[in-house]
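> Based on what follows, work out the 3D shape:
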Amino acid sequence: MEKKRFKFVIPVMVIVAIGSVYMLTNYYADVPDLNQLLITICATLVSGVLAYFLFPQQGDNKVDDRGPY
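So this is what the prediction gives:
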């Protein structure tokens with residue numbers, strides 16, 4: 001795996017985890033603790049997978065930016 005992608009993936013996962021814990025504890029306190037944990041884990045993993053595939057790595061874009069001749 002490319003280490004340059006993880007410079008973006010790991011912070012995205014941390015931000016999503018912190019945000020989900022904050023929102024679930026403050027706004028949805030009536031949700032059981034186990035479900036809150038499962039929601040946080042799933043949201044973190046899904047955001048990590050999406051960020052991994054959506055953030056391009058260097059060399060992915062082979063298009064010439066000079067435009068048509």
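
> what's the pLDDT at Asp60?
Looking at Asp60, its pLDDT reads 54.

> Just give me the neighbour total for Asn9.
Not quite, residue 9 is Val, not Asn. Using other C-beta atoms under 10 Å, Val9 has 21 neighbouring residues. Heads up, the C-betas are built off the backbone N, CA and C, glycines and all.

> ugh, wrong one, Ile41
Ile41 - counted by other C-beta under 10 Å - has 12 other residues nearby.

> mind listing the strands for this structure?
Applying DSSP state E to the chain gives no strands.

> low pLDDT regions in it?
When residues are selected by pLDDT under 70, those of the chain lie in 1-2, 57-69.

> So in it, which helix runs the longest?
Counting by DSSP state H, the longest helix found in the chain is helix 3-27.

> How about the contacts made by the residue positioned nearest the centre of the chain?
A centroid search over the chain (C-alpha atoms, centre = their mean) returns Ser47, at 3.0 Å, as the residue closest to the centre. Going by C-beta atoms under 8 Å, 6 or more residues apart in numbering, Ser47 touches 12-13, 16.

> circling back to that earlier point, and the longest helix of the chain, what's buried?
The neighbour-count check on helix 3-27 (16 or more other C-beta atoms under 10 Å) flags 5, 9, 12-13, 16-17, 20-21, 24 as buried.

> Nearest to Tyr28 among the contacts of Ser47?
Of all the contacts of Ser47, Val16 has the smallest distance to Tyr28: 15.7 Å, by C-beta to C-beta.
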